[in-house]
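[1] How does the following fold in three dimensions:
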Amino acid sequence: MSEEVICPWCLTEITWDPEFGPEKHCPHCGNELSSYRTVELGGDAGEETDEEEQDNPGQWQEDEEEDYESDGHDLGHKRWLAEGEGYRNADRSSLALENTLQRITDEQDEVPECPACREFMLEAGIQSIGGEQYKPTVSPVLGQPALPAPLELVWYVCPSCFHTSSTLSPSNRQLLLKRLAKPE
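    Numbers count the residues shown, from 1 in each chain. Predicted structure coming up:
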């Protein structure tokens, strides 16, 4: 018999396969189904949690800190936690930082998510690759390189975990698709 759960994020019913066990992420929206972000509703469980919180009101902060440390990622979010409190540090510099990041991403043509922490990434620049740095492969099927030199990559940086990633520039994407769609 399989256990049925409703994702708290997209409200989709998830049926667990008893052979593989419970899902850690929703297969529909990709959000976590456990950890500190999930709220579990239940009749008696909620009352026990309230009693536990009344006995030790600072326990939730310790649990939250353990979640940060246990996942192995320093996502930069600890710097926002005030000492001894569970609230974000709302000083002027952090508010200015968030405002600036929002304005920058609003102006970008594309705003990819960081593959490491899922924050929005900032466009850092364009890198041209050609000459001795790049030797295109000539495909026998195409009879020419799929991406000739020089090519351009758009670089992105995550303002939270500082992960970088790149993607082909829009003009190189169109060229690649045009060459791949070339009729034989």
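[2] May I see the buried residues of the top helix by length along the chain?
    Ordering each helix of the chain by length in residues (DSSP state H) puts helix 92-107 first. Using 16 or more other Cβ atoms under 10 Å as the test for burial, helix 92-107 gives Thr105. In this view, the C-beta of every residue, glycine as well, is placed from N, C-alpha and C.
[3] I'd like the next helix or strand past that helix.
    The helix or strand immediately downstream of helix 92-107 is strand 122-129, counting by DSSP states H and E.
[4] Under the pLDDT cut-off, which ranges of the chain? List them.
    1-3, 34-90, 183-184 (pLDDT under 70).
[5] all strands for it, in order.
    4-6, 13-15, 122-129, 151-157, 164-168 (DSSP state E).
[6] so which of these gets nearest Pro112?
    strand 151-157 (5.8 Å; Cβ to Cβ).
[7] Give me the angle between that closest one and strand 122-129.
    150 degrees (axes from the mean of the first three to the mean of the last three Cα atoms, to 10 degrees).
[8] and strand 151-157, C-alpha only, in PDB?
    The C-alpha trace of strand 151-157 is given here as PDB (Å, rounded to 0.1, in the frame of the first residue of the first chain):
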ATOM      1  CA  LEU A 151      31.900  32.200 -30.100                       C
ATOM      2  CA  GLU A 152      30.500  34.200 -27.200                       C
ATOM      3  CA  LEU A 153      29.400  33.000 -23.800                       C
ATOM      4  CA  VAL A 154      27.300  35.000 -21.300                       C
ATOM      5  CA  TRP A 155      28.600  34.600 -17.800                       C
ATOM      6  CA  TYR A 156      26.400  34.700 -14.700                       C
ATOM      7  CA  VAL A 157      27.300  34.900 -11.000                       C
END
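[9] Run through who's touching that strand.
    The contact list for strand 151-157, computed with Cβ atoms under 8 Å, 6 or more residues apart in numbering, reads 110, 112, 121-130, 134, 163-169, 171-172.
[10] so how many other residues sit close to Cys29?
    Neighbour count for Cys29, taken as other Cβ atoms under 10 Å: 11.
[11] The residue lying closest to it once chain neighbours are set aside and Pro112, how far apart?
    Closest residue in space to Cys29, ignoring its immediate chain neighbours: Cys10 at 4.0 Å, by Cβ to Cβ, 6 or more residues apart in numbering. Distance of Cys10 to Pro112, computed by Cβ to Cβ, to the nearest Å: 21 Å.
[12] which one of the two has more residues nearby?
    Shown here are Cys10 and Pro112; by other Cβ under 10 Å, Pro112 has more neighbours (15 against 12).
[13] which ones are touching that one?
    Phe120, Met121, Tyr156, Ser165, Thr167.
[14] which of those count as buried?
    Neighbour-count burial (16+ other Cβ under 10 Å) applied to the contacts of Pro112 gives Phe120, Met121, Tyr156, Ser165.
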